[in-house]
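J.: just coords:
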Ligand SMILES: *Cc1c(COP(=O)(O)O)cnc(C)c1O
């Protein structure tokens, strides 16, 4: 018995990619870092390659090697962390394309893999990864003699369309890349929604593929059903769970389900979490334990065998809001104890 059943809708995933590709002015890649935001990078990348994606991005070279195994030769797999020390063999053997982030990385690439493709990541204001304007000015001519395949940058505030950081970074990106005959990429999901000025030659959506905000039109990709281990009826005045924080006000039917904070359901959800039986919401009561959650199912017409954590009535963003976090964190924390089915 697993602690829950994850169902991943590859049709909805492909539809989300196609919808974002439709919105994008140029080509559309797919970001499958962190095991495709927790959903399984091999299956996800294969489905997206079938849908037409020809470029993928991962965070580190090991992830790139796994995606290459899954999708075979052909599509580009870009490494956002660039060419890190010790990664040369992985990059070469799996035909990965590092997005070089620093002068050190550029020298490492030119020395170790002089004739292999690479891209360059530019820091247009986020101060996280990439060459800053001064560094770029110093190495641009050298870099251009080596024919980079992509110039990219990343937006810090793209999920806030009115934020002045967006046009500021757009201008910086233009200033750093104008006149160079190299394909350019600036936007992830949020940037796609900012409009065509932000699209350039290639967009790089991640979260929107997986059904998360800010792509409001995205189709839901993940369903999570948790089995009920035990049901009991308690009397008014009886308490539930650690710390006695919930007391029954009426005769109550309590279901104990087989998932907890060790399965990526934050303890901070305590008191704010609802599960669903069909369309009927059932409040979780008491604390979230490591492997267990207790749910008040008194108002259900029948005893449930499962309760739905993620599904048509509660998506990753609803759950994230209840936990005080974002959909990205809920997805990438999905438990390893869940069984996974791809439909
Ligand atoms: C994670 C990431 C993306 C994808 O971002 P989403 O907001 O999930 O669409 C794109 N580009 C870079 C550099 C990233 O780190």
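T.: Yep, it's here. No experiment lies behind these values; they were computed from the predicted model shown.
J.: any idea of the mean pLDDT for stretch 61-79?
T.: The average pLDDT within stretch 61-79 is 98.
J.: how about residues contacting that stretch?
T.: Under the contact criterion C-beta atoms under 8 Å, 6 or more residues apart in numbering, stretch 61-79 has outside partners 29, 32-35, 41-43, 45-46, 49, 53-60, 81, 84, 87, 90-91, 93-99, 117, 119, 149-150. For every residue, glycine as well, the C-beta is placed using N, CA and C.
J.: so which of those residues are in strands?
T.: Under the assignment DSSP state E, those contribute 55, 56, 57, 58, 97, 98, 99, 119, 150 to strands.
J.: pull out the buried residues from the contacts of stretch 61-79.
T.: Using 16 or more other C-beta atoms under 10 Å as the burial test, the contacts of stretch 61-79 include 29, 32-35, 41, 43, 45-46, 49, 53, 55-58, 60, 81, 84, 87, 90-91, 94-99, 117, 119, 150 as buried.
J.: now do the strands in the stretch 101-250 of the chain.
T.: 119-121, 150-152, 184-185, 202-203, 222-234, 239-240, 246-247 (DSSP state E, counting those that start in this stretch).
J.: format those as TSV; extra columns: distance to residue 23 and mean pLDDT.
T.: Output for the strands of the stretch 101-250 of the chain, formatted as TSV (distance: least, C-beta to C-beta, whole Å; pLDDT from 0 to 100):
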stretch	distance to residue 23	mean pLDDT
strand 119-121	23	98
strand 150-152	19	98
strand 184-185	15	98
strand 202-203	8	98
strand 222-234	22	98
strand 239-240	47	98
strand 246-247	45	98
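J.: got JSON lines for those strands, with distance to residue 173 too?
T.: Putting the strands of the stretch 101-250 of the chain into JSON lines (distance: least, C-beta to C-beta, whole Å) gives the following:
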{"stretch": "strand 119-121", "distance to residue 173": "11"}
{"stretch": "strand 150-152", "distance to residue 173": "8"}
{"stretch": "strand 184-185", "distance to residue 173": "7"}
{"stretch": "strand 202-203", "distance to residue 173": "13"}
{"stretch": "strand 222-234", "distance to residue 173": "33"}
{"stretch": "strand 239-240", "distance to residue 173": "54"}
{"stretch": "strand 246-247", "distance to residue 173": "51"}
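J.: how about the contacts made by the residue nearest to the spatial centre of the chain?
T.: The chain has residue 37 as the residue nearest its centroid, 3.5 Å off, counting by C-alpha atoms, centre = their mean. Contact partners of residue 37, counting by C-beta under 8 Å, 6+ apart, are 206, 207, 210, 212, 328, 331, 332.
J.: between those, which has the most around it?
T.: residue 210 (29 neighbours; other C-beta atoms under 10 Å).
J.: separation between that residue and residue 219?
T.: 10 Å (C-beta to C-beta, to the nearest Å).
J.: residues shared between the contacts of these two?
T.: Common neighbours of residue 210 and residue 219 (C-beta under 8 Å, 6+ apart) are residue 16.
J.: ok and the residue in this protein nearest the ligand?
T.: Taking C-beta to the nearest ligand atom, the ligand has its nearest neighbour within the chain at residue 206, 2.7 Å off.
J.: so what's that residue up against?
T.: Contacts for residue 206 were tallied using C-beta under 8 Å, 6+ apart; they are 30, 31, 32, 33, 37, 188, 189.
J.: what about the first one, how many residues nearby?
T.: The local packing of residue 30 (other C-beta under 10 Å) involves 29 other residues.
J.: close to the ligand: what parts of the stretch 101-250 of the chain are there?
T.: Taking C-beta under 6 Å from any ligand atom as the measure of proximity, the stretch 101-250 of the chain contacts the ligand at 154, 188, 189, 190, 204, 205, 206, 207, 208.
J.: low-confidence stretches in the chain?
T.: By pLDDT under 70, the low-scoring segments of the chain are 1.
J.: tell me where it has helices.
T.: 10-23, 33-37, 41-51, 61-71, 88-93, 103-112, 133-145, 165-177, 189-193, 316-323, 327-332 (DSSP state H).
J.: would you mind pulling up the elements that the fifth one packs against?
T.: With contacts defined as 3 or more C-beta pairs under 8 Å, 6 or more residues apart in numbering; DSSP states H and E, the packing partners of helix 88-93 are helix 61-71.
J.: in the helix it packs on, which residues are buried?
T.: So, applying 16+ other C-beta under 10 Å, buried residues of helix 61-71: 61, 63, 64, 65, 66, 67, 68, 70, 71.
J.: tell me how far that helix is from the chain's mean position?
T.: Relative to its parent chain, helix 61-71 has a centroid offset of 17 Å by C-alpha atoms, centre = their mean, to the nearest Å.
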